[in-house]
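> Dropping the sequence and predicted coords here.
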Amino acid sequence: MKHARDLTGQMPVDQMAQLDGLNGLTVAALRAWNAGGALRAHALLCDRMAEPMALAAFEALQDLTEVLGPHIRRPLRCHAPNCTCVGLDEAAFARFVQEAALGDREDALLLASILVQPRAILPLTDAAARLGLCLHRAALRAPQSRIPEPASATRH
């Protein structure tokens, strides 16, 4: 007998506070695009990174959504922009962008095959890699105030 499960794309699987910089920015950008379109996503990116990098990330996000639009297998489910939990679709999308930018290209292509029809796999992965690299750079340049000071002032 199979167990009845409600595995929808909105099912919470993580918390925003637990996501690292790249994944957190990816989920935030996806939510902004989903909730308010291009203007809201652009504003979020400009708020989180320098203008030239925000423009490059926005162009990559636009390319990514242009590929997703006509080729997506089913709409991605997103939580509200200020929600503290991360849904299943959002986590999978963030993992896809991370793999495309920093991981194994074959894994990214496999994840893309779940999201879109076959002819859109390569363009989607390329756009995700560009977006992920921009977001990763922004996460690396984030204020270092989150790094705790050492217990001792002695530096080795």
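Right, received. Where do you want to start? Residues are numbered from 1 along each chain as shown.
> all contacts plus neighbour counts: C-alpha atoms, from now on.
OK.
> got any ranges where this protein has weak pLDDT?
Counting by pLDDT under 70, the ranges of the chain that qualify are 1-10, 143-156.
> Hmm, residue 53 and residue 134 touching each other?
Yes - if you go by C-alpha atoms under 8 Å, residue 134 and residue 53 touch, sitting 6.4 Å apart.
> Neighbour count: those two, which is higher?
Using other C-alpha atoms under 10 Å, the more surrounded residue of residue 134 and residue 53 is residue 134, with 21 against 17.
> Setting the sequence-adjacent residues aside, check what's closest to that one.
Nearest residue to residue 134, sequence neighbours excluded (C-alpha to C-alpha, 6 or more residues apart in numbering): residue 57, at 5.5 Å.
> what's near enough to touch that neighbour?
Shown in contact with residue 57 (C-alpha atoms under 8 Å, 6 or more residues apart in numbering): 45, 130, 131, 134, 135.
> same deal with residue 121?
If you count contacts by C-alpha under 8 Å, 6+ apart, residue 121 has them with 109, 112, 113.
> how near is residue 46 to residue 35?
Residue 46 sits 17 Å away from residue 35, taking C-alpha to C-alpha, to the nearest Å as the criterion.
> again with residue 25
Applying C-alpha to C-alpha to residue 25 and residue 35 gives a distance of 15 Å.
> Which residue of the two possesses the greater neighbour count?
Using other C-alpha under 10 Å as the criterion, residue 25 and residue 35 rank with residue 25 on top: 22 against 15.
> That one contacts residue 133, doesn't it?
No - using C-alpha under 8 Å, residue 25 is not in contact with residue 133, being 11.3 Å away.
> name the element residue 133 belongs to?
Here residue 133, judged by DSSP states H and E, is contained in helix 121-140.
> Counting residues, name the longest helix you see in this protein.
Longest helix of the chain, by residue count under DSSP state H: helix 21-48.
> Enumerate every residue touching residue 102.
By C-alpha under 8 Å, 6+ apart, residue 102 lies in contact with 129, 132, 133.
> ok, these vs residue 90, which is closest?
Taking C-alpha to C-alpha as the measure, residue 90 lies nearest residue 132 of those, at 14.3 Å.
> quick one, what contacts that closest one?
Applying C-alpha under 8 Å, 6+ apart, the residues near residue 132 are 22, 26, 97, 98, 100, 101, 102.
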